[in-house]
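S.K.: Next comes the sequence, and after it the predicted model I'd like to discuss.
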Amino acid sequence: MATPALEPAPETAVQERAPEVGGILTTLVSDSRITCDDCAAACCKLEVVCLTETGVPRHFTTRDAWGAVVMERLDDGWCAALDRDTLLCRIYAQRPLLCREFEMGGPDCLAEREAAWDSN
């Protein structure tokens, strides 16, 4: 008797098994259709704490009220390192760890994109 084939996951979603959290097994889902090329850089309006030394030029950072080094945001609310014409990071190779770990198409990315679209 042949074993029935499992249906593949949709091409647009990438699923990976996450570790057990608090006794609950979780599944992370990211949408592979999402790219930075078709986004309004929604994540670049988030506060980013510079947790590790990645070479971020000092003129792009400031200290918050608690003394932590954070990426400076300009009066328009966007990260100081964001090129306003291209909406690309001008210091991509030296970007902070939090930016490096912000998964394109992941749950946080999707939430920020939705919030940005809702506010327009």
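M.R.: Here it is on my side, so go on. Numbering: from 1, shown residues only.
S.K.: contacting residues for Ala93?
M.R.: Under the criterion of CB atoms under 8 Å, 6 or more residues apart in numbering, the contact list for Ala93 reads Gly55. C-beta coordinates here come from the backbone N, C-alpha and C atoms, glycine included.
S.K.: Surely it is in a helix?
M.R.: Yes. Counting by DSSP: H, G, I helix; E, B strand; the rest coil, Ala93 is found in a helix.
S.K.: What separation is there between it and Glu114?
M.R.: Distance from Ala93 to Glu114, counting by CB to CB, to the nearest Å: 29 Å.
S.K.: now do Val69
M.R.: Val69 is 29 Å from Glu114, where distance means CB to CB.
S.K.: Between those two, which is the more surrounded one?
M.R.: A side-by-side neighbour count of Val69 and Glu114, using other CB atoms under 10 Å, places Val69 first with 17 against 11.
S.K.: ok, the more buried one touching Thr61?
M.R.: Yes. Applying CB atoms under 8 Å, one finds Val69 in contact with Thr61, separated by 5.3 Å.
S.K.: Next, show the common contact partners of those two.
M.R.: Shared contacts of Val69 and Thr61 (CB under 8 Å, 6+ apart): Cys50.
S.K.: Which elements pack onto the longest helix belonging to the chain?
M.R.: The longest helix of the chain (DSSP state H) is helix 107-119. Identification of packing neighbours for helix 107-119 by 3 or more CB pairs under 8 Å, 6 or more residues apart in numbering; DSSP states H and E yields strand 24-31.
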